[in-house]
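K.L.:
can you look at this prediction? I've put the sequence above it.
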Amino acid sequence: MNEKTKFHPKELIINNAIYFILLALIIIIGVISPNFFSLDVFRDIFMQSSVRIVMALGCMFIIISGSADLSGGRMLGLAALVAGSLAQQASYTAKFWPQLPEMPVVVPVLASMLVGVAFGAFNGWAVSKLRVPAFLATLGSQMILFGVSSLYFNKAPNNSQPLGSFTEGFSSFGSGSVLEVPYLIIVAAVCLVAVWLLLTKTCMGKDIFAVGGNPEAARVSGISLFKMQMITFTLAGLLYGLSGSMEAARTGSATSAYGNAYELDAIASCIVGGCSITGGVGTVGGVFAGVIIFNVISYGLTFIGISPYWQNVVKGLIIIGAVALDVRKYARKD
Amino acid sequence: MMKRVMAVLVAFSMMLGVTACGSSGGNSAVPASSGSGDTGSAASQQAENTGKQPVAGVAWYNFGDTFIANARTTLNEAAAQDGKIKVIDADSQNDIATQTNNVNNFYTQNVKYLVLNNINTNAKADIIKQAKAKNTTLIFANTDSPSDEEFQLYDKVYHVSSLADQSGKIIGEQLAKYWKEHPEADRNKNGKLDYIMLLGLQQHYDTQVRAKYSVQALQDAGIQTNLIQEAICNYQRGEAQNQVASILQARKKDVEAVIACNDDMALGAIEALKASNFFKDKNSFIPVVGVDATKVGVEALKNGTLLGTALNNPVTLGKSIYKLMSLLEEGKEVTQENMGIDGITVKDHHIYINYVGITAENTEDASY
């Protein structure tokens, strides 16, 4: 991950702090418990990170464009419920939609993405057209989403029972693999590449950075703020929705509690991964590392048997540390 | 950060505004299994009776909890059908401050009965004193019991709840039975049952008691136990799956059983175990027990992954709360006979809802 290992050691460390912290963590855990260095362990970590990566990539669009989004977690939750309700075996007696036949895996996945797109577009519209500050608009939709999830989950005949008994196709989407690589990791990798291409190789990507870096200048140079906000929120919604069906498939279930506070983890991963909270800055690699670092902490500390409460302490310290380094990075540029 | 704090405050005040209105008995959700399909007529009956009906305020700890959702539906339907007592309820969203507001709101509305799915478990004496000052009948529901001294404070205090230790004991006994019948389950041949314990919330009463009594039941059965690792998974399936995956990578050959304080976590553990090549055939079976007997949990019992679970019947809880209020309203004594509900034990001002052990042999007992 860190190829450039010459010159200006201090600058190098500050600029790539996230990678060094990650490396240090892995080494510390590995020293305490050497069997941490195994392929299975890393596959587990990537597997557990896959859902969070897709979600954080969605969040990344929002943060780079200088906006905020608190609705992501609950959007994942609703998408997981919708996907789960459409992915049940025909023979299951407690089916959510008793009259529906068994459906191929694409149906629940597409449905979850549709849910995300709809609510993402709603967020974009509320922010750009209604001019509600993004923070409050998405806080509002977070509540709406949770309410809708709860209503959907409580719908007869389900009555708030956790959804389960998914079709073979949907289950293997969550736990199957090809050539030892789980499908979910492949999906996350495809999303990483797609978002990287979109942000770095297209005009739209450059516009997103421009809007976040300096909205005034972007507007003057002919970029439509309305259009960019609609695009970023809708794209984010699409990814949140996809991560919802991934989470349902991975865990083999869905409830209205899914996704609770995931948006804060996603925001933290983006920030720790080097996205500037004020917008205009961020890399796909950084966000990827940001997600991995949090999963290494939770997986690794459980692995070596440390109390889960320490996990929160360590995570909190890393967030503060990473942002402190980040601030220094920009302070020197000014 | 300041903004976020403000936002949270704004959010809470908004949510309070919503919940304060409460919701009336005519809940639209009809449980498929309870078979009572006449919500419509019940609702109209309720409308006729909204004159000087006594009102019961019910503060549930969290509407989003499956168990609560079922109990709530049952209670609201019982009230709608009977029409004697009007039930209004509120969601405490698992937050003590919200619950306190809910309760004050009910007092402002002059409720005659206050049903409290109490989460502020260290403030029971204060809660009882407040009820006494307001001359409101106080029913602690689905929560730990006030102490004998606290009961002395006020004569109109009742307690309707399951005994959490019973659930722990039941799943411990299920595990003990399996262990004794399957000597090969001692995979590392150390003569001890090495288990992972999956906890809900650390300070949660049910979690503590279930964990304690399940292990106690194993030890009472003469089995030596060894805790491999304890993980707090907030009752969430995904978290249990993640943590068990990690524990398995570190200490797979020592893991001989998983005790989970609810079914969702048990099923999360099963997902992780499957990914780690357990449950492939008879030889790779590993006993996992949970609590709740959710529909997906029962499905897992049937397909042979989950070993056992314990049912806390939410329908019995909902019915018992209403029946208790209705007896008090009629001025009748609260006794086992007068309650007339199966699966409960009445003792003074306590109504205990009995847990039922569910395994693959009696899955039909899990439908309610």
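P.N.:
Great, that's in hand.

K.L.:
number of residues surrounding B:Ile170?
P.N.:
26 (other CB atoms under 10 Å in any protein chain shown). Where you see a C-beta, it was placed from the backbone N, CA and C, and this is true even at glycine.

K.L.:
that one: what's it in contact with?
P.N.:
Taking CB atoms under 8 Å, 6 or more residues apart in numbering or on different chains, we find B:Ile170 in contact with B:217, B:308, B:310, B:355-357.

K.L.:
try B:Ala131
P.N.:
B:114, B:137-138, B:154, B:156-157 are the contacts of B:Ala131 under CB under 8 Å, 6+ apart.

K.L.:
center of the chain, which residue is that?
P.N.:
I went with chain A, as the question did not name one. A:Met55 (1.7 Å; CA atoms, centre = their mean).

K.L.:
actually it's chain B I care about, not the one you picked
P.N.:
With CA atoms, centre = their mean applied to chain B, the nearest residue to centre is B:Phe67, 5.7 Å.

K.L.:
and the closest residue to A:Leu145 other than its chain neighbours, which helix or strand is it part of?
P.N.:
Closest residue in space to A:Leu145, ignoring its immediate chain neighbours: A:Arg74 at 3.8 Å, by CB to CB, 6 or more residues apart in numbering or on different chains. According to DSSP states H and E, A:Arg74 maps onto helix A:72-86.

K.L.:
keeping just the C-alphas, turn that helix into CSV.
P.N.:
In CSV, the C-alpha atoms belonging to helix A:72-86 read as follows (Å, rounded to 0.1, in the frame of the first residue of the first chain):
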residue,chain,number,x,y,z
GLY,A,72,-27.0,6.4,5.0
GLY,A,73,-27.3,3.8,7.9
ARG,A,74,-31.1,3.8,7.9
MET,A,75,-31.1,3.7,4.1
LEU,A,76,-29.0,0.6,4.3
GLY,A,77,-31.5,-0.8,6.9
LEU,A,78,-34.5,-0.2,4.7
ALA,A,79,-32.8,-1.6,1.6
ALA,A,80,-31.8,-4.7,3.6
LEU,A,81,-35.4,-5.2,4.7
VAL,A,82,-36.7,-4.7,1.1
ALA,A,83,-34.1,-7.0,-0.3
GLY,A,84,-34.7,-9.6,2.4
SER,A,85,-38.4,-9.5,1.9
LEU,A,86,-38.0,-10.3,-1.8
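
K.L.:
excluding its backbone neighbours, what's nearest the residue nearest to the centre of chain B?
P.N.:
With CB to CB, 6+ apart as the criterion, B:Phe67 has its nearest non-adjacent residue at 5.0 Å, and that residue is B:Pro314.

K.L.:
stretch B:316-324 and chain A, any residue contact?
P.N.:
No. Stretch B:316-324 is not in contact with chain A by CB under 8 Å from any CB of the partner chain; minimum separation 12.2 Å.

K.L.:
in stretch B:62-75, which residues are buried?
P.N.:
Buried positions in stretch B:62-75, judged by neighbour count with 16 or more other CB atoms under 10 Å in any protein chain shown: B:62-75.

K.L.:
ok, the residue nearest to B:Phe67 touching B:Asp65?
P.N.:
No. At 9.5 Å, B:Pro314 does not count as touching B:Asp65 under the criterion of CB atoms under 8 Å.

K.L.:
tell me the SS of B:Lys52?
P.N.:
Judged by DSSP: H, G, I helix; E, B strand; the rest coil, the three-state class of B:Lys52 is coil.

K.L.:
what about it, neighbour count?
P.N.:
Counted by other CB under 10 Å, the residues lying close to B:Lys52 total 6.

K.L.:
just the strands in the chain please.
P.N.:
In the absence of a named chain, this looks at chain A. A:177-178, A:181-182 (DSSP state E).

K.L.:
my question was about chain B
P.N.:
B:55-60, B:86-91, B:113-116, B:137-141, B:157-162, B:193-199, B:225-232, B:257-260, B:288-289, B:308-311, B:344-347, B:350-353, B:356-359.

K.L.:
got the CA positions of the fifth one in CSV?
P.N.:
Presented in CSV, the C-alpha positions along strand B:157-162 are these (Å, rounded to 0.1, in the frame of the first residue of the first chain):
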residue,chain,number,x,y,z
VAL,B,157,-47.7,-1.7,42.6
TYR,B,158,-47.7,-4.8,40.4
HIS,B,159,-45.0,-6.7,38.4
VAL,B,160,-45.7,-8.7,35.2
SER,B,161,-42.7,-10.2,33.7
SER,B,162,-40.9,-13.4,32.8
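
K.L.:
mind checking how far it is from the chain centre?
P.N.:
Relative to the chain's own centre, strand B:157-162 is displaced by 13 Å; criterion: CA atoms, centre = their mean, to the nearest Å.

K.L.:
quick one, it and strand B:137-141 angle?
P.N.:
20 degrees (axes from the mean of the first three to the mean of the last three CA atoms, to 10 degrees).

K.L.:
and for the first one?
P.N.:
Counting by the same axes, to 10 degrees, strand B:55-60 points 30 degrees away from the direction of strand B:137-141.

K.L.:
in its sheet, which strands sit next to strand B:55-60, and in what direction?
P.N.:
strand B:86-91 (parallel), strand B:113-116 (parallel) (DSSP bridges).

K.L.:
let's see that strand as PDB, backbone CA atoms only.
P.N.:
Output in PDB follows, covering the C-alpha atoms of strand B:55-60 (Å, rounded to 0.1, in the frame of the first residue of the first chain):
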ATOM      1  CA  VAL B  55     -57.000   5.200  30.600                       C
ATOM      2  CA  ALA B  56     -53.800   3.100  30.900                       C
ATOM      3  CA  GLY B  57     -50.600   4.600  29.700                       C
ATOM      4  CA  VAL B  58     -48.000   2.100  28.500                       C
ATOM      5  CA  ALA B  59     -44.400   3.000  28.100                       C
ATOM      6  CA  TRP B  60     -42.600   0.300  26.100                       C
END
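
K.L.:
okay, now A:Phe37: neighbour count?
P.N.:
Neighbourhood size, A:Phe37 [other CB under 10 Å]: 12.

K.L.:
returning to that earlier point: from the contacts of B:Ile170, pick the one nearest chain A.
P.N.:
Minimum distance to chain A across these is 16.6 Å, recorded for B:Ala310 (CB to the nearest CB).

K.L.:
so what's that closest one up against?
P.N.:
B:166-167, B:170-171, B:291-293, B:355-358 are the contacts of B:Ala310 under CB under 8 Å, 6+ apart.

K.L.:
ranking helices and strands of chain B by mean pLDDT, which lands last?
P.N.:
Between all helices and strands in chain B, the lowest mean by mean pLDDT, DSSP states H and E belongs to helix B:39-48, at a mean of 38.

K.L.:
and B:Leu248, what's its pLDDT?
P.N.:
Looking at B:Leu248, its pLDDT reads 94.

K.L.:
for A:Ile28, give its distance to chain B.
P.N.:
A:Ile28 sits 15 Å away from chain B, going by CB to the nearest CB, to the nearest Å.

K.L.:
what about that residue, how many neighbours?
P.N.:
Applying other CB under 10 Å, I find that A:Ile28 has 13 neighbouring residues.

K.L.:
what is the burial count for A:Gly285?
P.N.:
15.

K.L.:
ah, wrong one, I meant A:Ile63
P.N.:
By the criterion of other CB under 10 Å, A:Ile63 has 28 neighbours.

K.L.:
so it is in contact with A:Val281, correct?
P.N.:
No. Here A:Ile63 lies out of contact with A:Val281, judged by CB under 8 Å, at a distance of 9.0 Å.

K.L.:
please enumerate the shared neighbours of these two.
P.N.:
Residues within reach of A:Ile63 and of A:Val281 at once, by CB under 8 Å, 6+ apart, are A:212, A:275.

K.L.:
quick one, domains of chain B?
P.N.:
As recorded under automatic domain parsing, the domains making up chain B are B:2-162+B:314-353, B:165-311.
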